[in-house]
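Q: Mind looking at a prediction? Sequence and model below.
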Amino acid sequence: MTNPRRGQDPLSDPPTNGHRAPAVRWLPLLGVLQSYRPEWLGRDVIAGLSACVVMIPSVIAYAELVQLPPVTGLYAALAACIGFALFASSRQVIAGPDAAIGLLAGSAILPLAGGDPGRIAGLAAELALLSGAMLLLAARLRLGTIADLLSRPVLVGYLNGASLVLMATQLGKLFGVKTQGEAFFELLHSVWSQLPQAHPATMVLGALLVALLWALARWWPKLPAALVVSAVAVALAAAFDLRSLGIALVGQVPTGLPSLVVPMIHLTDIAAMAPAALALSFLAFSDGILIAQTFAEKHGDEVNPNQELAALGSANVLASLWQGFAVSASQSRTAVADAAGARSQVAQLVAAGGLLLFLLLLTGLIALLPRVALGAILVVTALGMLEMASLRQLYRIDRVEFGIAVGVTAAILVAGVVPGIILGMGLSLIAVMVELSRPRDAVLRRLPQDGKFHDCHETDDGETVPGLLVYRPYAPLFFANARHVMGRIEALVDEAGPGTRWLVIDAQAITDIDITAADRLAQLQRELTERGVSMKFADCPRPVREQLARLQALGLLSAQDFYVSVGKAVQAFERTPPTQGGACAAPPIPP
């Protein structure tokens, strides 16, 4: 049986005609339910329960990153599953607490809380609400392209820095000591200074659990390693009374559903956490849309970036109202659900149902969980976050982007997670501006093999046409590069000599010309005309032609000649007598 959409199997949904009711546009889950097939249900149930089983120990551990009670990880996961499933356009993505997001939230909240547990909970809810509001506002303004502002080098640098900080935050649990400070080097110093007081039983158990997690990932990757390790740790605690050996346990966890609480918003908190909320929103969406697009491409589906913004925003707002903390999409849980055959967001609702049952009936199991097990899970998670292969690839391909990645990592280790990621975004934008301000260009030459003009290598047997200069800039023309490009053209005309009659600008790579560049272009045109050189444009994109026409109508530029290709411009030049080389150029060949 063949499906018209690439990569789909017979259980996939039928194509739609593209016309959806307003309610379905705002709530994609309604459209899924309207076309839901009974044969999907079994796979969605298995996928949802699989994701739930994998999720429970992980989200409990991630609550530790924000120094919140373990149950808040379950609250946040439940809220994320429901809020995301209702509004997401992606069929496979599972949302919930995430190590990188949790670390970013903790780095913003803990310095403001002063160690007060109530204050930590309030700030965590405020940050999730603020981030959710930013994501919803971005969705309303249809800013789905904002994820592109977080470049790959910044993500690599952030993940490497965050993973190192995450490991540092868990060393205290693995050594059985209480650490001081939140910064990377403070944590290392705190652990180092307390090594003589390290708890041997905790260290041994931690090392065994880390080794078990590594072995499961190495030889049995399909098993839910965090769940297996948690079960082993609980069994050991019950069998050998680990508390009596001085090993700290999680302790009693409240049973029942979270109550709905609207966070108390304080203007001073908003001002202090706004940068973190902005960074968190960028990180959550860039990671979420990458996951969504990856799995959508695998199944031949489509995702709406603005709808994903709305889904992540809703998940964070609901997590805030249910006494949780900031959430994002989860690649590991999404992969588990997809491998189990998830067909729709119904799988995520099933996962939410599993979390509800756990909160109502099974939270007592967490009481015996050793805290060192949570530390082991987070340390192994941090090791998995390291992007060393990507860093090596950046080094081989682009040293500037490699430098950005290393700079972000160093900034996170020295200044903290939020300053590091904001610095990375700033460095990326500066690198783009520097690249565009000094764009690459070329003087085109004609190859005898095909008679066409190319950007030739120095060793190529290209030829120039006497009296003709063909120039191609590889960038839009705007305020940051206008002076450089016009100066470059002047220098090339001078180098070409007094016999130059035509300057043909191959504009295929010019996507825009702003008013500053237009003003400098007009000045250059006047100077060239006085020298007897006519300026022509070839292979000009329609938007740029229209732009130049508007500038001509405003009197900023004189009449332009446009040619459909460099070849046509050269033909016109070769038919033009040398006495007409200046302003009296031949009319262009019509397209």
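A: The structure has been received and is ready for your questions.
Q: Need the contact partners of the helix or strand hosting residue 355.
A: Following DSSP states H and E, one finds residue 355 within helix 346-357. By CB atoms under 8 Å, 6 or more residues apart in numbering, the residues outside helix 346-357 that reach it are 32-33, 36, 40-41, 43-45, 47-49, 51-53, 55-56, 74, 77-78, 81-82, 84-85, 92, 94-95, 257, 337, 340. For glycine as for every other residue, the C-beta is placed from the backbone atoms N, C-alpha and C.
Q: what about the strands in this structure?
A: 94-96, 328-330, 441-443, 445-446, 453-454, 468-473, 502-506, 534-538, 561-563 (DSSP state E).
Q: lowest-confidence stretch among the ones you listed?
A: Note on the strands of the chain: lowest mean pLDDT is at strand 561-563, with a mean of 82.
Q: what's that one packed up against?
A: Counting contacts by 3 or more CB pairs under 8 Å, 6 or more residues apart in numbering; DSSP states H and E, strand 561-563 packs against strand 534-538, helix 566-575.
Q: strands paired with the shortest one, and their directions?
A: Spelled out, that is strand 534-538. strand 502-506 (parallel), strand 561-563 (parallel) (DSSP bridges).
Q: what angle do that strand and strand 468-473 make?
A: 50 degrees (axes from the mean of the first three to the mean of the last three CA atoms, to 10 degrees).
Q: now strand 534-538, how far from the centre of its chain.
A: 41 Å (CA atoms, centre = their mean, to the nearest Å).
Q: Can you give me every residue that contacts residue 496?
A: residue 469.
Q: Next one: it relative to residue 441, how far apart?
A: 14 Å (CB to CB, to the nearest Å).
Q: And for residue 154?
A: Residue 154 is 28 Å from residue 441, by CB to CB.
Q: again, but for residue 257
A: Distance from residue 257 to residue 441, by CB to CB: 64 Å.
Q: if we can go back for a sec, more crowded one of residue 154 and residue 441?
A: residue 154 (27 against 18; other CB atoms under 10 Å).
Q: Without its sequence neighbours, what residue ends up closest to the more buried one?
A: Distances taken as CB to CB, 6 or more residues apart in numbering put residue 424 closest to residue 154, at 3.7 Å, once the chain neighbours are dropped.
Q: One more: residue 511?
A: residue 476 (4.7 Å).
Q: Geometric centre of the chain: which residue is closest?
A: residue 286 (2.4 Å; CA atoms, centre = their mean).
Q: was I right about that residue contacting residue 158?
A: No - judged on CB atoms under 8 Å, residue 286 makes no contact with residue 158 at a distance of 9.9 Å.
Q: before we move on, back to that, hey, which of the strands of the chain is tucked in deepest?
A: strand 94-96 (a mean of 33; mean count of other CB atoms under 10 Å).
Q: which helices and strands does that strand pack with?
A: Strand 94-96 packs on helix 38-65, helix 70-87, helix 305-321, strand 328-330, helix 331-339, helix 346-357, going by 3+ CB pairs under 8 Å, 6+ apart.
Q: and of those, who's closest to residue 541?
A: Comparison of the helices and strands packed on strand 94-96 against residue 541 by CB to CB identifies helix 305-321 as nearest, at 25.0 Å.
Q: for the closest one, packing partners?
A: Right, helix 305-321 is packed against helix 70-87, strand 94-96, helix 117-140, helix 267-299 by 3+ CB pairs under 8 Å, 6+ apart.
Q: if we go to 6 Å?
A: helix 70-87, helix 117-140, helix 267-299 (3 or more CB pairs under 6 Å, 6 or more residues apart in numbering; DSSP states H and E).
Q: which residues sit against that helix?
A: Applying CB atoms under 6 Å, 6 or more residues apart in numbering, the contact partners of helix 305-321 are 76, 79-80, 83-84, 87-89, 95, 125, 128-129, 131-132, 135-136, 138-139, 142, 144, 260, 263, 284-285, 288-289, 292, 326-327.
Q: Just the buried ones from the residues you listed, in PyMOL syntax?
A: Burial among the contacts of helix 305-321 is assessed by 16 or more other CB atoms under 10 Å; the matching PyMOL selection reads:
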select buried, resi 76+79+80+83+84+87+88+89+95+125+128+129+131+132+135+136+138+139+144+263+284+285+288+289+292+326+327
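Q: ok, back up a step: from what I can see the residue nearest to residue 154 touches residue 408, true?
A: Yes - judged on CB atoms under 6 Å, residue 424 makes contact with residue 408 at a distance of 3.7 Å.
Q: Return the distance of the residue nearest to residue 419 when sequence neighbours are not counted relative to residue 232.
A: Leaving aside its sequence neighbours, residue 419 sits nearest to residue 411 (CB to CB, 6+ apart; 6.1 Å). Per CB to CB, residue 411 is found 38 Å from residue 232.
Q: quick one, which of the two is more surrounded?
A: Set residue 411 next to residue 232 and count neighbours by other CB under 10 Å: residue 411 wins out with 21 against 14.
Q: Rebuild the helices and strands packed on strand 94-96 as JSON lines, extending it with distance to residue 222.
A: What follows is the helices and strands packed on strand 94-96, written out as JSON lines (distance: least, CB to CB, whole Å):
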{"stretch": "helix 38-65", "distance to residue 222": "10"}
{"stretch": "helix 70-87", "distance to residue 222": "22"}
{"stretch": "helix 305-321", "distance to residue 222": "27"}
{"stretch": "strand 328-330", "distance to residue 222": "17"}
{"stretch": "helix 331-339", "distance to residue 222": "8"}
{"stretch": "helix 346-357", "distance to residue 222": "18"}
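Q: any idea which of these scores lowest on pLDDT?
A: When the helices and strands packed on strand 94-96 are compared by mean pLDDT, helix 331-339 comes last with a mean of 83.
Q: Contacts for that helix next, please.
A: So helix 331-339 is contacted by 47, 50-51, 54-55, 92-94, 291, 295, 347 (CB under 6 Å, 6+ apart).
Q: relative to helix 267-299, how tilted is that helix?
A: With the same axes, to 10 degrees defining the directions, helix 331-339 sits at 30 degrees from helix 267-299.
Q: got the angle for helix 331-339 vs helix 70-87?
A: 50 degrees.
Q: Send me helix 331-339 as CSV with only the CA atoms.
A: This file holds the C-alpha atoms of helix 331-339, laid out as CSV (Å, rounded to 0.1, in the frame of the first residue of the first chain):
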residue,chain,number,x,y,z
GLN,A,331,14.3,14.6,22.8
SER,A,332,14.8,11.4,24.8
ARG,A,333,11.1,11.0,25.7
THR,A,334,10.0,11.9,22.2
ALA,A,335,12.4,9.2,20.8
VAL,A,336,11.0,6.7,23.2
ALA,A,337,7.4,7.5,22.2
ASP,A,338,8.2,7.4,18.5
ALA,A,339,10.1,4.1,18.8
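Q: Just the angle for that helix relative to helix 38-65, thanks.
A: Using the same axes, to 10 degrees: helix 331-339 against helix 38-65 is 160 degrees.
Q: Could you shift the numbering so residue one becomes 50, and keep it that way?
A: Got it, first residue is 50 now, which makes that one helix 380-388.
Q: Quick check: buried residues in helix 380-388?
A: Per 16+ other CB under 10 Å, helix 380-388 contains these buried residues: 380-387.
Q: do the same with stretch 569-584
A: 569-571, 573-574, 577, 582-584.
Q: Now distance to residue 323 too, for those residues, in JSON lines please.
A: Output for the buried residues of stretch 569-584, formatted as JSON lines (distance: CB to CB, whole Å):
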{"residue": "569", "distance to residue 323": "38"}
{"residue": "570", "distance to residue 323": "41"}
{"residue": "571", "distance to residue 323": "43"}
{"residue": "573", "distance to residue 323": "44"}
{"residue": "574", "distance to residue 323": "47"}
{"residue": "577", "distance to residue 323": "50"}
{"residue": "582", "distance to residue 323": "53"}
{"residue": "583", "distance to residue 323": "54"}
{"residue": "584", "distance to residue 323": "48"}
